[in-house]
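> 3D model of this:
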Amino acid sequence: MINNEVQQITTNGKSEKKSSKCKKQNNHNYNDSSYVPDYLKVSNRIFKKMLISSLDGAKEIVKRLNSKEKINYIRQYAYLIHRLFYVQLQESQWEYYYDIGIQQNIWSGRVSKKWAAMNSMNYTYGRSKNLIEQRLKKIERQRQEASEALHNFGQQPLPQCISEMNPLLDFTK
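Now for the predicted structure:
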């Protein structure tokens, strides 16, 4: 699944995933781990500008990204890094919910439909301990997948267009 998402990102600098906000909001099965940030959907020219403005010393690196192949390689790396950080952020959010629930013992269950209607709320108000534990397991699996995908991408031989750059790009600075 991650490879398909990376492939979509690198097609002409734009994601081919298009759907209306209403569809995303109404689809409760929407997989938020497949979210692609706006900075990966922009044209290559704008992507380069964004890189320059976001990283110290990136101007020298970006000058050398003079082909679609090179930019697409950087986009793939950026996507995989984004995906890992996004899942880690979700994990910390759900761990926070869990910790608060444990400390305060405030696990909520269902409330009556009548009471929910009177208070303009959903009758499944709040988060149950079981739901949070299930979500944390799912997020742990997603984090492992994202981490593994990033590691595997980094272990692959560099594309010829990148490996022939002299001097090589150094992302550790």
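> where in this protein is pLDDT low?
1-34, 108-112, 115-116, 119-127, 166-173 (pLDDT under 70).
> check which helices and strands the longest helix belonging to it is in contact with.
Determined from DSSP state H, the single longest helix within the chain is helix 68-104. Here helix 68-104 is seen to pack against helix 2-9, helix 44-54, helix 129-155, helix 160-163 when contacts are counted using 3 or more Cβ pairs under 8 Å, 6 or more residues apart in numbering; DSSP states H and E. C-betas here are computed from N, CA, C, even on glycine.
> please identify the buried residues of it?
The neighbour-count check on helix 68-104 (16 or more other Cβ atoms under 10 Å) flags 70-76, 78-80, 82-84, 86-87, 90-91, 94, 97-98, 101 as buried.
> again with stretch 147-160
Within stretch 147-160, judged by 16+ other Cβ under 10 Å, the buried ones are 149-150, 153.
> the longest helix of the chain versus helix 129-155: what angle between them?
With axes from the mean of the first three to the mean of the last three Cα atoms, to 10 degrees defining the directions, helix 68-104 sits at 150 degrees from helix 129-155.
> thinking again about what came up before, got TSV for the buried residues of stretch 147-160, with distance to residue 52 too?
Listed next are the buried residues of stretch 147-160 as TSV, based on distance: Cβ to Cβ, whole Å:
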residue	distance to residue 52
149	26
150	23
153	23
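> what about residue 46, distance to residue 83?
Taking Cβ to Cβ, to the nearest Å as the measure, residue 46 falls 21 Å from residue 83.
> next one: residue 77
Residue 77 is 11 Å from residue 83, by Cβ to Cβ.
> what of residue 45?
24 Å.
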